[in-house]
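**Student:** what's the 3D shape of this:
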Amino acid sequence: MNPNPPGTTRPNADSNTSHPQPRSSTGVAWRDIVADTGMALIRLERRFDPFVRPVFDALLKDPLARLATALINGKRVDEHLKIAEERLLVDEEAWTDSIVQSFTQQMTDLWKPGGFERGGNTKTQGIVRGEFTVHDNLPEHMRRGIYAKPQTFKAWVRFSGPGPYITPDIDDVGFMSISIKLMGVEGPKLLEEEKHTLDMFGVSTPTFVTPDAKANAALQKWSVKNAQVFYFVNLHDSHVLDLVMQSLYIKTQSSPFEAPYFSCVPYLMGEGQAMVYSVWPTSNRKTRIPRLPFRPPDDYLRNAMVSALSEGDVELEVRMQMQTDPHLMPIENAGVLWPEKLSPRIPVATLRLPKQTFNSPDQMAFAKRLSYNPWHTIAEHRPLGNQSRARKRMYWELSQLRHRMNDVPHYEPDGDERFD
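**Tutor:** Got it, this is the predicted structure:
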């Protein structure tokens, strides 16, 4: 199948080229200095992080994550919700409006027509073919939706950097994401623009950067000014513990294939059950980052993907964690780490990325044609919580904006696409 049908315009592939991050623009000199200095220190730390991170992770990461989670939970009120029960956030639609407005402003400021990129998870490291195979012999209560029986789906898997900018890999904040589009998934979809797909998402931190949509709206206002530090640290509504949780997991990454990814937000697992999922590398391979502590190539993460898939298949394991405690494993707060002692992560599927070449300009441009949305799914796996409810409209509206500015229509893939 031709992924660029006659009469459509191929987006400008050059917009995915790395550029330096813009300086902060808060309108207040001292704030700009603080924000820019903080980013400069993070970039410096990234050059040396791989030399100390293994020891830090082995000794301190998990204990500090448990401590931070306990402190976060200590400030929360038990709302006495049931398993998989949701509760609307006060002024939820208004916070969603604010998020969409901030992203729209930022995207319009950053990108030119024909080269519009995504507002988040912006830099495409690569989009690759995959096969998603559901395991046999799952526990009965987990045989729901796409996991009801052993089966294999074709997949397009996009690996990306954090955004909203497209920077050299060593200059980003040490955060990666995965977007999985399964094809051949039958049944009515919650978002009807696609009929045969189901989308899954993960980021390389096990908790979301903000606990709820209200906080997300505040973060995006600072993001427009490129001064996110003032969302986390301020005198009015500080989020220091969320910053600690993010800092424990963001790091100098070695390859998109060598990090775990977490859904962060919950989903239904059939009626009356909720779960989060994660995607884990099955190999202990760690690619050496070239030239450290000096400057690596701008796209060294993509280069690592190219090298790995030129040598053979890559396999990732999909694991699921069921909600067993509505307070300690909340639906409406995405900043709380669900404890494994209450619910272990159970392997449910294998994501195989066969040996392939994926780095052609046409295939990279194809990534811009696709729309990923957590509501491209079936009712058995409905996204839960205020962040997911906000993402339904946010992802849809921003995708519409991107496609409109690039003059390309929405495209639903079937897995038979071929590229030069």
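
**Student:** ok, residue 327 to residue 245 distance?
**Tutor:** Applying CB to CB, to the nearest Å, the value for residue 327 to residue 245 is 18 Å. Heads up, the C-betas are built off the backbone N, CA and C, glycines and all.

**Student:** of those two, who's got more company?
**Tutor:** Higher neighbour count among residue 327 and residue 245: residue 245, with 24 against 14, using other CB atoms under 10 Å.

**Student:** Does that one touch residue 61 like I think?
**Tutor:** No - applying CB atoms under 8 Å as the test, residue 245 and residue 61 come out as separate, 10.6 Å apart.

**Student:** quick one: pLDDT of residue 420?
**Tutor:** Per-residue pLDDT puts residue 420 at 74.

**Student:** ok, now how distant is the residue nearest to it when sequence neighbours are not counted from residue 395?
**Tutor:** Nearest residue to residue 420, sequence neighbours excluded (CB to CB, 6 or more residues apart in numbering): residue 362, at 5.4 Å. Distance of residue 362 to residue 395, computed by CB to CB: 25 Å.

**Student:** just for this protein, where's the confidence low?
**Tutor:** Applying pLDDT under 70 to the chain flags the ranges 1-14.

**Student:** Let's see that with 90 instead.
**Tutor:** 1-22, 162-163, 173, 420 (pLDDT under 90).

**Student:** quick one, longest strand in it?
**Tutor:** The residue-count maximum for a strand in the chain (DSSP state E) belongs to strand 124-134.

**Student:** so residue 255 sits right up against residue 303, yeah?
**Tutor:** No - the pair formed by residue 255 and residue 303 falls short of the contact definition of CB under 8 Å, at 9.0 Å.

**Student:** Compare the two (neighbour count), which wins?
**Tutor:** residue 255 (24 against 18).

**Student:** Among residue 362 and residue 395, which residue is more densely surrounded?
**Tutor:** Set residue 362 next to residue 395 and count neighbours by other CB under 10 Å: residue 395 wins out with 24 against 14.

**Student:** what about that one, is that helix, strand or coil?
**Tutor:** Under DSSP: H, G, I helix; E, B strand; the rest coil, residue 395 falls in the helix class.

**Student:** before we move on, what about residue 202?
**Tutor:** strand.

**Student:** Now do it against residue 43, distance only.
**Tutor:** Distance of residue 202 to residue 43, given as CB to CB: 25 Å.

**Student:** coming back round to it: mind checking how far the longest strand of the chain is from the chain centre?
**Tutor:** Centroid separation between strand 124-134 and its chain, computed with CA atoms, centre = their mean, to the nearest Å, is 14 Å.

**Student:** Kindly report the same for stretch 267-275.
**Tutor:** Relative to where its chain is centred, stretch 267-275 has its mean C-alpha point 21 Å off (CA atoms, centre = their mean).

**Student:** what's the answer for stretch 353-367, then?
**Tutor:** Chain-centre distance of stretch 353-367: 20 Å, with CA atoms, centre = their mean.

**Student:** Quote the end-to-end distance of it.
**Tutor:** 16 Å (CA to CA, to the nearest Å).

**Student:** and what of stretch 267-284?
**Tutor:** For stretch 267-284, the first-to-last residue distance is 29 Å (CA to CA).
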